[in-house]
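Following is a predicted model, sequence given first.
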Amino acid sequence: MSQLQMVDRIEIKVLVDNVTDSLSSTPHSVTREWSLLESRGMRLIGGGALCCANHGLSLLVTAYSGEKERTLLFDGGPVDYAVERNGIRMGVDFGAVEAIVLSHGHWDHAGGLPRALELISQGNDGTPVPLYLHPGMFELRGVRRPDGSVMPMAPVPLPQEWARLGAVPIVTTVEQLCLDNTFFISGEIPRVTAFEVGFPGHVRQPSGSETWDADPLLVDERFLACHVRDKGLILFSACSHAGIVNVLRQATEVFPNVKIHAVIGGLHLSGPNEAIISETVRDMGAFNVDVFVPAHCTGWRAVNAMVREYGESAVMPCAVGKMYVF
């Protein structure tokens, strides 16, 4: 992927995340929610003026090269009102979104995208935008409960439904470049490590079947990357069901001569995967990443372990309404 173009800087606005936190101190490259909202016109602090946290993730990423801007939406959070409410309060110009990536087929990343597409269409006079999808994300999915029953998840709309909503579905398993080669979208991530076993208890129901098959690996999940001049790669991994170490391994194979500067997203080291925190944090250190921005499904135990291992200057916890600049 040598055609990936370097950019001068990127801004990442957190439209949806599990956490709200506008009080903890942050480095100069991070703008806290209340400061961002004040810059957008907030004159009275109150519940109605603030963003809302939800279980999910949505990141608005804008890359700057000279006077050129390219904006991509990475996931849409779990529900329509979250991406709309937070986007309005943060002053997001949805009409500027030129492409969308759905990282994998789970409700907490796809549920807000239909409303986001409506807002994008309203803002760009109905111009369809490319939406990058994986063919494996459309089967019904669920989680097996301790009694053996299955709690189904809300399904991801089919490509033809996305098209009706104003998207141009690009359904593929292979890596892609988009927006003038500004962003890299990975293909399927090889599973190499022995300890990263995916999402325990995750199941899927193949089309036309009434049975639930084990599906811990979630092979449809992909990562996003951008190359910032004088810093290196910024990696976006929404849930890291492949395992964040496997994500880092794949990134170094695709871009063998480019330093990984930052990783932002969910590391899925909560719940049953708390058992692999120590191995994960240990092996992440081999990649010499400068900054980690743990979000969404990472879990507080993993965040604490990362701070103990790498120090506070290398770990910038995510929260809704924040803006990160690299």
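Thanks, I have it.

any low-confidence regions in the stretch 51-200 of the chain?
Applying pLDDT under 70 to the stretch 51-200 of the chain flags no residue at all.

where along it do the helices fall?
Counting by DSSP state H, counting those that start in this stretch, the stretch 51-200 of the chain has these helices, from start to end: 80-89, 107-110, 113-123, 159-164.

Deepest in the core, which of those helices is it.
Most buried of these by mean neighbour count (mean count of other CB atoms under 10 Å) is helix 107-110; its value is a mean of 24. C-betas here are computed from N, CA, C, even on glycine.

which residues touch that helix?
With contact meaning CB atoms under 8 Å, 6 or more residues apart in numbering, helix 107-110 is reached by 54-58, 75-78, 102-103, 137, 153-154, 156-157, 238-239, 296.

So which of the residues you listed sit within strands?
Assigned to strands by DSSP state E, the following of the contacts of helix 107-110 qualify: Ser58.

which of the contacts of helix 107-110 count as buried?
Among the contacts of helix 107-110, the ones that count as buried by 16 or more other CB atoms under 10 Å are 54, 56-58, 75-78, 102-103, 137, 153, 156-157, 238-239, 296.

quick revisit: can you tell me which of the helices of the stretch 51-200 of the chain is nearest to Asn181?
helix 113-123 (21.7 Å; CB to CB).

for Val101, which residues make a bridge with it?
Phe74, Tyr132 (DSSP bridges).

still on that earlier bit, can you say which of the helices of the stretch 51-200 of the chain is nearest to Ile276?
helix 107-110 (21.0 Å).

Tell me how far the closest one lies from the chain's centre.
On the basis of CA atoms, centre = their mean, to the nearest Å, helix 107-110 is displaced by 10 Å from the centre of the chain it belongs to.

give me every residue that touches the residue nearest to the spatial centre of the chain.
Centroid-nearest residue in the chain: Ala238, 3.2 Å away (criterion: CA atoms, centre = their mean). Ala238 sits next to 57, 74-75, 103-104, 109, 221, 223, 265-266, 296 when contact means CB under 8 Å, 6+ apart.

of all the helices of the stretch 51-200 of the chain, which lies closest to Gly285?
Across the helices of the stretch 51-200 of the chain, closest to Gly285 is helix 107-110 (CB to CB), at 27.6 Å.

Only alpha carbons, please: show that closest one as CSV.
Output of helix 107-110 as CSV, limited to C-alpha atoms (Å, rounded to 0.1, in the frame of the first residue of the first chain):
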residue,chain,number,x,y,z
TRP,A,107,-25.3,-3.0,16.3
ASP,A,108,-23.2,-0.7,18.5
HIS,A,109,-21.3,0.5,15.5
ALA,A,110,-24.0,0.3,12.8
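
Mind putting the contacts of Ala238 into CSV with distance to Ser121?
Shown next, in CSV, are these (distance: CB to CB, whole Å):
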residue, distance to Ser121
Leu57, 22
Phe74, 19
Asp75, 18
Ser103, 22
His104, 24
His109, 20
Glu221, 27
Phe223, 27
Gly265, 27
Gly266, 28
His296, 26
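
and of those residues, the nearest to Gly187?
Phe223 (9.9 Å).

and that closest one, how many neighbours?
27 (other CB atoms under 10 Å).

Please identify which of the helices of the stretch 51-200 of the chain is closest to Ala194.
That would be helix 107-110 among the helices of the stretch 51-200 of the chain, by CB to CB, at 27.0 Å.

Surely Arg222 is in contact with Phe184?
No. With contact defined as CB atoms under 8 Å, Arg222 does not count as touching Phe184 (9.9 Å).

Of the two, give the one with the bigger neighbour count.
Higher neighbour count among Arg222 and Phe184: Arg222, with 28 against 24, using other CB under 10 Å.

That one looks like it's in a helix, true?
No. Looking at Arg222 with DSSP: H, G, I helix; E, B strand; the rest coil, it is coil, so not inside a helix.

what ranges do the strands span in the stretch 201-326 of the chain?
For the stretch 201-326 of the chain, strands defined by DSSP state E, counting those that start in this stretch occupy the ranges 202-205, 213-214, 224-228, 232-236, 260-266, 291-295, 323-325.

So which elements touch the longest one?
So that's strand 260-266. strand 232-236, helix 244-254, strand 291-295 (3 or more CB pairs under 8 Å, 6 or more residues apart in numbering; DSSP states H and E).

in its sheet, what does that strand sit against?
Partners of strand 260-266, by DSSP bridges, with direction: strand 232-236 (parallel), strand 291-295 (parallel).

Same list, the helices and strands packed on strand 260-266, but as a markdown table with mean pLDDT, mean neighbour count and distance to Leu4 please.
As requested, the helices and strands packed on strand 260-266 are exported to a markdown table (pLDDT from 0 to 100; neighbours: other CB atoms under 10 Å; distance: least, CB to CB, whole Å):
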| stretch | mean pLDDT | mean neighbour count | distance to Leu4 |
| --- | --- | --- | --- |
| strand 232-236 | 98 | 24 | 9 |
| helix 244-254 | 98 | 21 | 9 |
| strand 291-295 | 98 | 24 | 20 |
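
what's the closest of these to Gly201?
Closest among those, using CB to CB: helix 244-254, at 19.5 Å.
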